[in-house]
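**Student:** Have a look at this fold, sequence not included:
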């Protein structure tokens with residue numbers, strides 16, 4: 001694939017993009033996550049999809065996971081905080097994937113998310129020279145249809161859609177959410193606590209606008225329903241006992257009443 005970038009007043013820049021298998025002995029650079037909140041936010045997004053039975057065997061949903069392309073002969077690897085690929089080819093072995101090369105191993109990711117941190121703001125980088133910036137990589141090299149940038153500190157959620165080869169900011173609906181057609185759910189922000197982390201989270205809502213609950217929330221809701229059912233049963237029993245006592249006071253055996 002050849003990507004052409006036109007810059008007014010500058011020479012046209014052509015990038016040759018190929019999709020090549022990594023050598024078996026290639027050692028991916030391992031970078032620690034920048035804070036403990038990032039994997040929690042990513043895991044919470046996946047959890048709902050698992051509970052709904054959405055994730056199929058051919059899908060790839062991962063976090064901090066290397067996405068590869070070869071640009072002008074140079075290997076480029078970006079590890080988004082959350083990525084969704086609708087269909088991938090079966091892995092060559094039963095070992096866990098260490099990386100993913102689109103077109104060679106399956107489809108292009110349709111959703112990529114980056115969570116802002118205290119670093120240099122590379123999520124917005126349009127740097128074209130090696131190594132290219134994240135924005136440029138997702139927009140011009142991979143051409144990912146949806147690029148999402150989320151700030152866990154402020155709750156700011158930016159959703160960009162690829163239109164005519166460039167990302168355009170999408171405004172949320174009246175509820176502050178964005179429809180993710182690939183997944184069939186709305187994405188939005190929510191403030192609260194999970195796994196001892198208090199702050200902003202990304203959450204899923206169904207088409208009717210119902211918030212989809214995490215497992216711990218579902219368990220709490222079930223416990224509340226069970227408590228209400230016990231309370232209702234207790235009230236019914238007390239009512240029956242009062243009625244039986246009333247009948248006995250009037251010489252009527254309640255056990256003989258059919």
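**Tutor:** Perfect, thanks for sending it. This one's a predicted model, so the numbers in the text were calculated from it and none came from an experiment. Numbers count the residues shown, from 1 in each chain.

**Student:** so where is the stretch 101-250 of the chain shaky, pLDDT-wise?
**Tutor:** Along the stretch 101-250 of the chain, the model assigns pLDDT under 70 to residues 118-120, 226-227.

**Student:** Would you map the helices across the stretch 151-258 of the chain?
**Tutor:** 215-249 (DSSP state H, counting those that start in this stretch).

**Student:** Hmm, I typed the wrong one, I wanted the stretch 1-150 of the chain.
**Tutor:** Using DSSP H, counting those that start in this stretch, helices in the stretch 1-150 of the chain cover 37-51, 134-136.

**Student:** Between helix 215-249 and the first one, find me the angle.
**Tutor:** What separates the directions of helix 37-51 and helix 215-249 is an angle of 60 degrees, with axes from the mean of the first three to the mean of the last three CA atoms, to 10 degrees.

**Student:** picking up where we left off before, deepest of the helices of the stretch 1-150 of the chain, which one?
**Tutor:** helix 134-136 (a mean of 21; mean count of other CB atoms under 10 Å). Backbone N, C-alpha and C define where each C-beta goes, glycine included.

**Student:** that older thread, rebuild the helices of the stretch 1-150 of the chain as TSV, extending it with distance to residue 250.
**Tutor:** What follows is those, written out as TSV (distance: least, CB to CB, whole Å):
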stretch	distance to residue 250
helix 37-51	55
helix 134-136	82
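
**Student:** Select, out of these, the one closest to residue 212.
**Tutor:** Judged by CB to CB, the one of the helices of the stretch 1-150 of the chain that comes nearest to residue 212 is helix 37-51, at 4.8 Å.

**Student:** who does the closest one touch, helix- and strand-wise?
**Tutor:** strand 82-85, strand 111-115, strand 197-205, helix 215-249 (3 or more CB pairs under 8 Å, 6 or more residues apart in numbering; DSSP states H and E).
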